[in-house]
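> Need a 3D model of the sequence below.
(2 chains)
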There are 2 protein chains.
Amino acid sequence: MIGEDFNRRTALNLMGLGLAGAASGALAQAPGRKLGYAIVGLGGYATRQIMPQFRNCRSSRLVALVSGTPEKLARYGDEYGIPKTHRYSYANYDRIRDNPDIDIVYVVLPNNMHAEYSIRASQAGKHVMCEKPMAVSAAECEAMIAAAKRANRKLMIGYRSRFEPHNVLAIQLARQAHVGRTRIVTAEHGFNAQPNQWRLDKALAGGGSLMDIGIYSLNAARYLTGEEPVSVTAVESTDKSDPRFRTVEDQINFMLRFPSGAIADCVSSYSSNHNRYRVVGTDGWIDLEPATSYEGQRMRIRKDGKEAVRDVPPGPVNQFVGQLDHLSECALTGRQPIVAGEEGLADLRLIEAIYRSAREGRQIKLA
Amino acid sequence: MIGEDFNRRTALNLMGLGLAGAASGALAQAPGRKLGYAIVGLGGYATRQIMPQFRNCRSSRLVALVSGTPEKLARYGDEYGIPKTHRYSYANYDRIRDNPDIDIVYVVLPNNMHAEYSIRASQAGKHVMCEKPMAVSAAECEAMIAAAKRANRKLMIGYRSRFEPHNVLAIQLARQAHVGRTRIVTAEHGFNAQPNQWRLDKALAGGGSLMDIGIYSLNAARYLTGEEPVSVTAVESTDKSDPRFRTVEDQINFMLRFPSGAIADCVSSYSSNHNRYRVVGTDGWIDLEPATSYEGQRMRIRKDGKEAVRDVPPGPVNQFVGQLDHLSECALTGRQPIVAGEEGLADLRLIEAIYRSAREGRQIKLA
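Numbers count the residues shown, from 1 in each chain, chains lettered A, B, ... in the order given. Here you go, the predicted structure:
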C-alpha cells in the first residue's frame, strides 16, 4: 500500500508538470491486471494505429471489436484472436454491458457518432476513451460528461500528443519559462484532403478542417500556455467551387488571446500541409516540426541567441501505448485522466466560438 | 542608345518576375555618372547600415549630410569627406535646392518627420528615398506622392528586402507556384524593444511594433502573394503597466485575406524575437529564417515530401547597395522604382485598417 501511495503521489506530482508520459512510467512497477478494451469502429486509425499497440501495453489489452461491417469483424477478430462472443455489430452494441471482459470502450467512429456511442458505453457501465473531436457540439460533450458521471465511470479524450515525449517536454519547458515568459504561440496543422471521405461530409464530421486537424493547433495553444483564452478571432477561406468543400470549410485560421497577454496564431487547413508549432517567449523559442505526427517529432530551441536541435530520448512507450495505459491506470487507481471529457468540452466550446467569429466577422469574447 | 534600350527592356522583363536585384545587374555595364545622395538624419541605421555602403555603389555616391547635431555633422562629414558646404542643419535644410551635387535625398528620420522632410526635398527638386514606414498616416503618404509628382521627381520607399537575393527568389518561386498555389503565408517579425527610444513614443513613431517591425510581416505577405488583401482582422496585446508601452502597442497580430483565397497570418511584437516567413502552397512550402535581417538569410524548401536547404548565391551587390542604386538608375532612366510611394501608401492604408480592426474587435473589409 505504501508503494502504491508513493507511486500515485509521484505520478500526481509529475502530472502537475505536464509529464504525462513520465507519470505513466512511475507506475511501471505497479502490478495489476490488464483492463480490456473494446474498439468501436474499424477504420484506418483504429486498425493501423491503435490496435497494433496493445501488444506493448502493460495495463491494457484488446478484448472486443464493434463494427457494422461483418467482413471487418471477421478479419480483425481472427487477426487479434478475438472470440466470436466478443465481436459486436451496432445492432447488438448495448450487449457489451453483459461482457465483464470489457472495461473500456474506445470510440473511433465518425465525429457525429461520438456522443451516442460514448453515452451508450457509459450507460453500459464501461469507461470510455473517445477520439477527438469529442463530439460535434459542446452540448453533446456536456451530455457525455454527465453520462459518465452518472455511471461513475471515466471519460477520456484521445489527445495522444499529451503522451508524446517532445510535446511533454515542450509543455514543461514552456511552463517553466525556459525561453522566458510566453508571448506568442504559432500552431499550424493541415493536410491536402483527399475527396470522397466522411471527413468532408458535414453531417458526419460536424465541420471541416477545424474539427479534424485544426483542433491540434487549438489544443496545442492551450496545453503550451496552460491557459484558457479570453477571446477568439477567426477568418475562413473556402473555395466553394472545389467539390471537396461543398459542406465543410477548407482553411480557418484563428487567433486566441490569453489572460497572461499571450496570443496564439493558429492555422487549420484542408488544402496545404502543416504540422508545427512554436512557443515564443521573451528570451527565445521552442519549435516542434513535425509536432503532432504519429512519429518523427523534432525539437529546436533558440535561447541566448543560439539555435540548436534538442534531442529528446524516447519514452518507455510510444504516445499510443501511453494514452491507452493512462486510461487503464486511471480506471484502476481512481485518478482523473489528464485529458478528461472536460478537456474535449473546452475545445468544442472554442471551436463553436471560432466558427461564430468567422461567420460574424468579429472577435468573440469568452466568459 | 540601342544598348540603353536593351538594358531597360531586360530590366523591365526581370522586374516582372520580381527580380529586382537581377534588374539592377542588367545595368551593370551601363556607363553613367553616379547620382549624389544627401542623408537626412544621422541615427544608427543611417550611419552603420546605409552610409558605409556607398563605396560599393556603381550609380550612387554620398555627397551631403543633414543633421540637427553639429557634432554628428562634423564627425561623419570628416569621415566621409563631405565638404562643409554640403553639411546642413534642419534650419537651412531647404537650401539643398541650390546644391546641384544633390540628386537624391534619403530620409532616415523618426517616422513622424518622414512626410515633412520628403515633401520639402521634392519641393527642392530632388528625388526622394524615404525609410519605411513611409509616414504615420495614409494621408501623409498621399501628400508625399503628390509632392513628388508635382516636382516630376522619383519617390521610393526603403523596402530593402526587395533587393535581397533570398527574398527575390522566394517571390519568384511563390509566384511561379513552385510549391503549388499559395494557400497560407505566415510571417513573423518582432524584437524585444529596449526602453527609452523614439520608437516607443507615439508622437514620434506614429505607433508601436506594427509601424516599426510588423510592417515587414505585412509587406512580405503582399510581395509573396503579389495580391492586395480584401480584409484584415487584428488582435492586440499590450501590457500597459510595462513602461515601454505607455503610448504604443506591443503585440499586434493580424490575418489578411487575399482575392485568391490565400490567408496571411502575421505576427508583430515588441516583446519577443521573430524574423521568419513561410509560403505554404498546395504542394509544399518555402521558408525563410531569418527572412528580412541585414544578412544571414536562410531558405528551406519542402516539396514532394522532401525538405532541403536551398543555397542562394549572393547577388553582385548586397540589399543596401541594390536599393541605393535602384533609385539612382530609375532617376537616370526614367523608370518607376519597384517600391515607389504607392507601395508605402498601400502598407499605411493596411496599417490603419489593422489598428482599426484591433480597436473595434472586428474584421475590416477593404475597398
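
> Quick one: name the residues of chain A near chain B.
A:180, A:183-184, A:186, A:188, A:190, A:192, A:231, A:233-235, A:237-239, A:251, A:253, A:255, A:257, A:261-263, A:265, A:267, A:269, A:271-274, A:280-282, A:284-285, A:302, A:361-363 (Cβ under 8 Å from any Cβ of the partner chain). C-betas here are computed from N, CA, C, even on glycine.

> Let's see which of these end up in helices.
Judged by DSSP state H, the residues of chain A next to chain B include no members of helices.

> Any of those residues buried? List them.
The neighbour count (16 or more other Cβ atoms under 10 Å in any protein chain shown) marks A:180, A:183-184, A:186, A:188, A:190, A:231, A:233-235, A:237-238, A:251, A:253, A:255, A:257, A:261-263, A:265, A:267, A:269, A:271-274, A:280-281, A:284-285, A:302, A:361-363 as buried among those.

> what comes up buried for the helix or strand harbouring A:Tyr76?
If you go by DSSP states H and E, A:Tyr76 is part of helix A:70-79. When burial is assessed from 16+ other Cβ under 10 Å, helix A:70-79 yields the following buried residues: A:72-73, A:76-77.

> State the pair within those that is farthest apart.
Comparing every pair within these by Cβ to Cβ identifies A:Lys72 and A:Gly77 as the most remote, at 8.6 Å.

> Could you name every residue contacting both of those two?
Jointly contacting A:Lys72 and A:Gly77 under the rule Cβ atoms under 8 Å, 6 or more residues apart in numbering or on different chains are A:Leu65.

> Now do the contacts for A:Gln323.
So A:Gln323 contacts A:129, A:158-160, A:162-163 (Cβ under 8 Å, 6+ apart).

> And A:Cys130, by the same measure?
A:Cys130 neighbours (Cβ under 8 Å, 6+ apart): A:106-107, A:114, A:118, A:144, A:155-158, A:341, A:344.

> how near is the most far-flung residue of chain A relative to its centre to B:Asn192?
Residue farthest from the centre of chain A, counting by Cα atoms, centre = their mean, is A:Gly305 at 34.1 Å. For A:Gly305, the distance to B:Asn192 equals 12 Å [Cβ to Cβ, to the nearest Å].

> ok so, going back, point out the ones among the buried ones among the residues of chain A next to chain B that are inside strands.
A:183-184, A:186, A:188, A:190, A:231, A:233-235, A:237, A:251, A:253, A:255, A:257, A:263, A:265, A:267, A:269, A:274, A:280-281, A:284-285, A:302 (DSSP state E).

> ok now do A:Tyr277, which residues does it touch?
A:170, A:185-188, A:217, A:220-221, A:224, A:287-289, A:291.

> how does it look with 10 Å?
Taking Cβ atoms under 10 Å, 6 or more residues apart in numbering or on different chains as the contact definition, A:Tyr277 lies against A:167, A:170, A:185-189, A:216-217, A:220-221, A:224, A:264, A:266-267, A:286-292.

> ok, now A:Gln297?
A:161, A:164-167, A:169-170, A:275, A:288-291, A:312, A:319.

> With pLDDT added, can I get the residues you listed in TSV?
TSV is the format used below for those (pLDDT from 0 to 100):
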residue	pLDDT
A:Ser161	98
A:Glu164	98
A:Pro165	98
A:His166	98
A:Asn167	98
A:Leu169	98
A:Ala170	98
A:Asn275	98
A:Leu288	98
A:Glu289	98
A:Pro290	98
A:Ala291	98
A:Val312	97
A:Gln319	98
